[in-house]
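S.K.: Let's see this in three dimensions:
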Amino acid sequence: MKKKDDVRLEWASFKAVKYACFKWHYSRSVPAGPSIRIGVYEKQRFIGVVIFSRGACQNLGNPYGLHQTEICELSRVALSSHTVPVSRVISVCLKMLKGKASGLRLCVSFADQNAGHHGGIYQAANWVYSGESKSTPKFLTPSGALLHSRQVSNTGFNSEFGVIRRVPKKSECVLIPQFNKYRYLYPLDKEMREQVKTLAKPYPKRPNLGDGCDQHHSGGATPTRTLQDGNV
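M.R.: So this is what the prediction gives:
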């Protein structure tokens, strides 16, 4: 980014990631597995992180003929209040990503309708909208936590990236149906750009609740509504 913006991006520690995700992201969680983590600073102040990961689904690249090592998910944009546009932060992060992992060819992100998101920051950055991704139900635990199906099991134990973890049992939780998520694609090379543009559909519009509520959430990986810029 230009120096006049007084914005700095650098690789982030897990401690910084955990702080930003739990404090500023609506999911209050850190994505599991290998990830590329970028810290964002404005006027020398830490304002959050952007995280790229392998994604929740091992078959994420199958529809595009890609191996798991050729595709990633923009899984978190967890930012505090700021002045720089979110879409611009993501643009710079994508350049850093390409330099860090040269074998990547496609980035995917999901806008969560269940949180009132429609993908405004991706639309502002000219990502390709390719339709809705089928959702899976979530599970409400006795403690009030809302968990993905990967975070619960029938036995109370789960294996994630080869590590056995204790998790809540499905029988102890309440099943909560979910709306589908909007899927956005960002190609990282010319050949993939040509392939992806054939999948493009009209952008979904921001929901109009009609009740005076302020609903400015704009994407599955985006932060809370206080963080949105004027372009979303």
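
S.K.: I figured Val108 was touching Ile71, is that so?
M.R.: Yes: the pair Val108 and Ile71 passes the contact test of C-beta atoms under 8 Å, sitting 6.6 Å apart. (Each C-beta comes from the backbone N, C-alpha and C, glycine too.)

S.K.: what is in contact with those two at once?
M.R.: Gly55, Leu60 (C-beta atoms under 8 Å, 6 or more residues apart in numbering).

S.K.: Name the spans of this structure whose pLDDT lies under the cut-off.
M.R.: Regions of the chain meeting the criterion pLDDT under 70 cover residues 1-5, 56, 160-161, 208-232.

S.K.: repeat that with 90
M.R.: Counting by pLDDT under 90, the chain has low-confidence residues at 1-6, 26-34, 54-59, 101-102, 112-117, 133-138, 142-154, 156-167, 176-179, 205-232.

S.K.: can you list the domains in it?
M.R.: Following the assignment in automatic domain parsing, the chain carries domains at 3-134+180-227, 136-177.

S.K.: will you turn those domains into CSV that also has mean neighbour count?
M.R.: Listed next are the domains of the chain as CSV, based on neighbours: other C-beta atoms under 10 Å:
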stretch, mean neighbour count
domain 3-134+180-227, 18
domain 136-177, 13
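
S.K.: Strands of this structure, residue ranges please.
M.R.: For the chain, the strands defined by DSSP state E cover 7-11, 35-42, 45-53, 71-79, 106-112, 128-133, 138-140, 146-147, 157-160, 163-166, 174-176, 181-187.

S.K.: What is the shortest one packed up against?
M.R.: With contacts defined as 3 or more C-beta pairs under 8 Å, 6 or more residues apart in numbering; DSSP states H and E, strand 146-147 has these neighbours: strand 138-140.

S.K.: same check, this time on the fifth one
M.R.: Counting contacts by 3+ C-beta pairs under 8 Å, 6+ apart, strand 106-112 is packed against strand 71-79, strand 181-187.

S.K.: From the chain's centroid, how far away is the longest helix seen in the chain?
M.R.: Assignment by DSSP state H gives helix 86-100 as the longest helix of the chain. Relative to the centre of its chain, helix 86-100 is centred 14 Å away, using C-alpha atoms, centre = their mean, to the nearest Å.

S.K.: Next, the angle strand 106-112 makes with it.
M.R.: Angle, helix 86-100 to strand 106-112, by axes from the mean of the first three to the mean of the last three C-alpha atoms, to 10 degrees: 150 degrees.

S.K.: Restricting to C-alpha, output helix 86-100 in CSV.
M.R.: Extracted C-alpha coordinates of helix 86-100, given in CSV (Å, rounded to 0.1, in the frame of the first residue of the first chain):
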residue,chain,number,x,y,z
VAL,A,86,-11.5,-3.5,3.1
SER,A,87,-11.5,-4.4,-0.6
ARG,A,88,-8.1,-2.6,-0.9
VAL,A,89,-6.6,-4.5,2.1
ILE,A,90,-7.7,-7.8,0.5
SER,A,91,-6.2,-6.8,-2.8
VAL,A,92,-2.8,-6.3,-1.2
CYS,A,93,-3.1,-9.5,0.8
LEU,A,94,-3.8,-11.5,-2.4
LYS,A,95,-0.5,-10.1,-3.8
MET,A,96,1.3,-11.2,-0.7
LEU,A,97,-0.4,-14.6,-0.9
LYS,A,98,0.8,-15.2,-4.5
GLY,A,99,4.4,-14.3,-3.5
LYS,A,100,4.2,-16.7,-0.5
